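**Q** Quick one: sequence and predicted model below, then my questions.
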Amino acid sequence: MKNPHNPVLPVWLNSTISQCVALGLITLVAFIPSLFNGFVWDDTPYIVENPFLPVFDPEILKAFWMGNYHPLTMLTYFAEYQLIGPEPFLYHLDNLLLHVLNVFLVRAILLRLKVGEVLAFTASLLFALHPIHVESVTWISERKDVLYTLFFLLAVYQWCRYRYEQNKGAYGLTLLFFLLSCLSKGMAVTLPVALLALDLFHFRRSLPKLIVEYIPLGVISVGFGLLAIWAQRSSSAMRLGDYYSYFDHLIMGGYGLYLYLSKLIIPWPLSAVYPIPFKIKDLYFPTSIYVSAISLVVMGIAFWRGNSFLRLLILWFLGTLFHVLFAPVGSAIASDRYMYIPSIAFCWGLAWLILQKTNLYIPLLAVLTVGYAFLTFERTQVWKENFTLFSDVARQYPNDLLANNNIGLYHVKRKEYDQARIAYSRVVNAYPLDYTGYFNMGVAYLQEEKGPEAKFYFDQVLRLKPDYPDLPVQMGLASLLVKAYDTAAVNFRIAVQQFPGFKDYWYNLGLAESGLGNFQASDDALKKAAELDPQDPLIWIQLSTNAHKKGDFSAESQYEAKALELSKGEDPGMIYRNKGVLLGEVGDYAGAQEQFFKAIALDSTDGEAWYNLGFSYEKSGNLNAAIPCYQRSAKSGYGSAQDLLKKNGMSW
C-alpha cells in the first residue's frame, strides 16, 4: 500500500493515551442511550429465562444455546447475573466497553501494519462510530459479536508480531486467541482468511510457503465450523437445501452483498431485519436478480483488476462475510451484526480515501464523525424495547413476519387484542403457509376466552404444522371453551405425555374427561395433578364435582371439605362458585344453584355469586328469577352485571 502524505493530527492527539481517550469518549457518547435500554428480542431467553445463569452448572460449557455453541459468552452472562441478576444495565455497559476495546485494537493493528498514525486513528474512529455496529453493541444477545471480535483482533495483532518479529510465542498466542474467539462465537472461524489477506497482499508472502503455518489454524477453523453448523441445525435456524435451492442461495448471496455494501456506504435506514425477498412461482423479482448479479460481478472485477491494497480489503471483507452470504440464517437475507468484522476493511479503505485529499481531510472527517455519531445515537434508541425495535422494522417492511408477530405479542401482553389481531392479520395474509401467524392469532383469541375463533386458528396450525409442540395445550384450552371435550381430551393426553410434570395439564385433562362423562379417567388425572400440587383447591373442587355427578355424596363432602380447608382465610365462596360453574357447564343448573346459594350464605354481597346464580336461572329458562339476581349483583358493584343491565335498559 502506498501511503498518502498524511496530514498532521492536532497536538492534543499526538500521544497514544490522548488518542485512546478521544476514541473512547466519542464512542461512549454516541452509544450512551444504549445503557438505558431494556431487554429485547432474544435477550429474554439469553438472560431472563436462561437456566444456566442463576446457579453454575458445568453443562454451560457444553450446551448449545439458541443455535450457538459459545461457552465463553455464556460465562460472561453468568458472571454478570451473579452481580446484578436480570437487570439490563450491566450487560449493556459491558457490551459497550468491549466495543471500545475493539476500537483500540483496530488502531493498534493498523499501527503495527505501519500504515501511519493518522490513517490508524481515522480508520478506528470510523469503526467506532459506524451506525451499522449498533446491533452488535446495543443488543445484549450479541455479546458474542463484540467478545469474539476482541479475541479475533488480539489474534490478528499477534500474527502481525509474528510476521515482523518471527516470534514463535506470538504464533502460539495467535492460536490461543483464535481458540478463545471460536469459543465466543462460531463466526470466528474466518480468522485464517483475514490473516491470509494480510499475508498475500501486505506481507507479500507466497501461498505455498504458508501451508504449514496455516495447518493448525485450519484444523481449529474446520472443527469449530462443523460444530457451528451442528448447533445451527439443532435449532432449525439454517435453511440451506430445504425450501431454497442452491441457485436461490446464489441469488440471495449477491443480493445480500449489495445490501451490506449499500448500508456501509449510506447507513440509513437500517433495520433489525432484512427479509428474504419473496419467491413467487420459482422466480425472484427482476430487481433482485439484477442487483445480485451486478454486486457479484463488480466485486469480482475490483479484485481481479485492483492493486494489492484493494485486494487485501476485498479478501478481508468477503472472507469474513462469505459464510453468511450464501447460507442465510433464519428468515433474514442480511443482518447488521454480520458487518462487525468485515466493516474494518471498509473503514480502513474509507480512511485511506479521505486522506488522499489532504486539504479536505479535516472537513471530511468532521462530516463523517458527526453524521455517524448522530445516526448511531438515534439508532441505539430504536433498540430500547421490542415495540420500538419491531415497529421500526414494520415501517420499512410492513408485512414482515417476525416484526408483526412481535408487535402482536407486545399488544397481547397489554391486553390490547384488537391491535394484536391487526398485526397477526398481516402475517396470516402475507404468509398463508406459515403457521406462526395462525398460532399467535389463536392465542390472542384464547386470552379473550373466545373459544370458537381460537379453535379455528389452531385448526389451521394443525393443518400446517401438526407436530408443533405448543399446539396441544392451546388447542386443548380452546376446545374446553367450546365444550369440545373429545378434542380437548386428545390434546391434553398428548400434553401430559410431553410434559408429565405440569400440574395444569393434568387438571385440564381431568376437566375434559369429566365433560365426556369419563369420571374415573377424570379422577385419575386430577389425582395426578394433586400429587404435583396438593395445595391447589381447584383440583379438589373438580374432584368434588365429579363425585356429585356420580352420586357419591360422601366423597363429594370430603373433597369439598378439603377445598374449603385449603382456601381458608382467602375466599371460601370461591369454592362454591367454581363448583357451581362446573356443574352449570354440564347442564346441572339445580346443582349449580345450590352451590351459588352456599357462596351467598357465606357473603350476601358476593356479586359474582349473585351473577352466576342469575345466569343459571336464565339458562334454565327462569328469567323472572334471574333478573333480581342480576340486580343484587349490580348493587354489589359487580361490573358484568351492571353492563348487562345497562345493555338491556334496566336499573338496579
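**A** Noted; the coordinates are in hand. Numbering: from 1, shown residues only.

**Q** Poorly predicted segments of this structure, please.
**A** Where the chain drops to pLDDT under 70, the residues are 1-6, 235-244, 277-289, 327-331, 569.

**Q** How far away from the center of its chain is stretch 619-632?
**A** 50 Å (Cα atoms, centre = their mean, to the nearest Å).

**Q** Report the buried residues of that stretch.
**A** Ser620, Ala626, Ile627, Cys629, Tyr630, Gln631, Arg632 (16 or more other Cβ atoms under 10 Å). (C-beta placed from N, C-alpha, C; glycine too.)

**Q** next one: the helix or strand where the second one lies to chain centre, how far?
**A** Following DSSP states H and E, one finds Ala626 within helix 623-635. Centroid separation for helix 623-635 versus its chain: 50 Å, with Cα atoms, centre = their mean.

**Q** With stretch 610-617 instead?
**A** With Cα atoms, centre = their mean as the basis, stretch 610-617 stands 45 Å off its chain's centre.

**Q** what's that stretch in contact with?
**A** Residues from elsewhere that reach stretch 610-617, judged by Cβ atoms under 8 Å, 6 or more residues apart in numbering: 577, 580-581, 584, 589, 592-593, 596-597, 600, 623, 625-630, 632-633, 636, 638, 640-641.

**Q** now the strands for the protein?
**A** For the chain, the strands defined by DSSP state E occupy 274-275, 332-334.

**Q** now these in JSON lines, with distance to Arg107?
**A** Conversion of the strands of the chain to JSON lines gives the following (distance: least, Cβ to Cβ, whole Å):
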{"stretch": "strand 274-275", "distance to Arg107": "30"}
{"stretch": "strand 332-334", "distance to Arg107": "28"}
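
**Q** thinking again about what came up before, turn the buried residues of stretch 619-632 into CSV, columns for distance to Phe439.
**A** Below are the buried residues of stretch 619-632 laid out as CSV (distance: Cβ to Cβ, whole Å):
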residue, distance to Phe439
Ser620, 38
Ala626, 38
Ile627, 42
Cys629, 39
Tyr630, 37
Gln631, 42
Arg632, 42
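
**Q** From those, pick the one nearest Ala22.
**A** Tyr630 (73.9 Å; Cβ to Cβ).

**Q** one step back: what is the nearest of the buried residues of stretch 619-632 to Val273?
**A** Distances from Val273 to the buried residues of stretch 619-632, taken by Cβ to Cβ, are shortest for Tyr630, at 50.7 Å.

**Q** Can you tell me the closest non-neighbouring residue to that closest one?
**A** Excluding the flanking residues, the one nearest Tyr630 by Cβ to Cβ, 6 or more residues apart in numbering is Gly614, at 4.3 Å.

**Q** how close does the one you found get to Gly580?
**A** 12 Å (Cβ to Cβ, to the nearest Å).

**Q** Could you check which of the two is surrounded by more residues?
**A** Gly580 (28 against 25; other Cβ atoms under 10 Å).

**Q** Please identify the nearest residue in space to the more buried one, excluding sequence neighbours.
**A** Gln595 (3.4 Å).

**Q** ok, now which ones touch the one you found?
**A** Tyr576, Arg577, Lys579, Gly580, Leu583.

**Q** ok, it to Gly172 distance?
**A** Taking Cβ to Cβ, one finds Gln595 at 78 Å from Gly172.

**Q** Contacts only, for the nearest residue to Leu313 once chain neighbours are set aside.
**A** Among residues not flanking Leu313 along the chain, Ala345 sits closest, at 4.3 Å (Cβ to Cβ, 6+ apart). Residues near Ala345 by Cβ under 8 Å, 6+ apart: Leu312, Leu313, Ile314, Trp316, Phe317.

**Q** farthest-separated two in these?
**A** It's Leu312 and Phe317 that sit farthest apart of these, by Cβ to Cβ, at 9.5 Å.

**Q** Could you count how many residues lie near Phe492?
**A** Phe492 has 28 neighbouring residues, counting by other Cβ under 10 Å.

**Q** So it sits against Gly476, correct?
**A** Yes: Phe492 is within contact range of Gly476, at 4.5 Å (criterion: Cβ atoms under 8 Å).

**Q** Could you tell me which residues touch both of those two?
**A** Counting by Cβ under 8 Å, 6+ apart, the residues touching both Phe492 and Gly476 are Asn508, Leu509, Ala512.

**Q** how about JSON lines for those, with distance to Glu560 and neighbour count added?
**A** Below are those laid out as JSON lines (distance: Cβ to Cβ, whole Å; neighbours: other Cβ atoms under 10 Å):
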{"residue": "Asn508", "distance to Glu560": "21", "neighbour count": "24"}
{"residue": "Leu509", "distance to Glu560": "22", "neighbour count": "27"}
{"residue": "Ala512", "distance to Glu560": "22", "neighbour count": "26"}
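
**Q** any idea what sits nearest Tyr274, other than its immediate chain neighbours?
**A** Ala334 (4.4 Å).

**Q** wait, what's in contact with that neighbour?
**A** So Ala334 contacts Gly256, Leu259, Tyr260, Lys263, Tyr274, Pro328 (Cβ under 8 Å, 6+ apart).

**Q** gap between the second one and Glu117?
**A** By that I understand Leu259. 34 Å.

**Q** Next: the fifth one.
**A** Counting by Cβ to Cβ, the gap from Tyr274 to Glu117 is 37 Å.

**Q** and what of the fourth one?
**A** If you measure Lys263 against Glu117 using Cβ to Cβ, the figure is 29 Å.

**Q** Looking at these two, which has the bigger crowd around it?
**A** Legend: neighbour count by other Cβ under 10 Å for Lys263 and Glu117, higher for Lys263 (21 against 17).

**Q** ok, now which ones touch the more buried one?
**A** Lys263 touches Ile132, Leu270, Ala334, Asp336, Met339, counting by Cβ under 8 Å, 6+ apart.

**Q** filter those residues to the buried ones?
**A** Here, 16+ other Cβ under 10 Å leaves Ile132, Leu270, Ala334, Asp336, Met339 buried among these.

**Q** From the structure, what's the count of residues near Ser262?
**A** By other Cβ under 10 Å, neighbour count at Ser262 equals 12.

**Q** I meant Leu207, not that one.
**A** Neighbour number of Leu207 under other Cβ under 10 Å is 10.

**Q** List the contacts of it.
**A** Leu207 touches Leu200, counting by Cβ under 8 Å, 6+ apart.

**Q** Which residue, other than its chain neighbours, is closest to Pro71?
**A** Leu61 (4.8 Å).

**Q** isn't that neighbour right up against His70?
**A** No: between Leu61 and His70 no contact is recorded; they are 10.7 Å apart, counting by Cβ under 8 Å.

**Q** Which one's more surrounded, these two?
**A** Between Leu61 and His70, His70 has the larger neighbour count (other Cβ under 10 Å), namely 26 against 13.

**Q** how much space between that one and Lys144?
**A** 5 Å.

**Q** Now for the two: what residues contact both?
**A** Ser184, Lys185.

**Q** How many residues are close by the residue nearest to Ile354 when sequence neighbours are not counted?
**A** Excluding the flanking residues, the one nearest Ile354 by Cβ to Cβ, 6+ apart is Leu364, at 4.5 Å. When neighbours are defined as other Cβ under 10 Å, Leu364 has 16 of them.

**Q** before we move on, back to that, show me the contact partners of the helix holding Ala626.
**A** 607-608, 610-611, 613-615, 617-618, 640-642, 644-645, 650-652.

**Q** What subset of the residues you listed is buried?
**A** Using 16+ other Cβ under 10 Å as the burial test, these include 607-608, 610-611, 613-615, 617-618, 641-642, 644-645 as buried.

**Q** Which two among the residues you listed are spaced furthest apart?
**A** Most distant of the buried ones among the contacts of helix 623-635, by Cβ to Cβ, are Tyr617 and Gln642, 18.1 Å apart.
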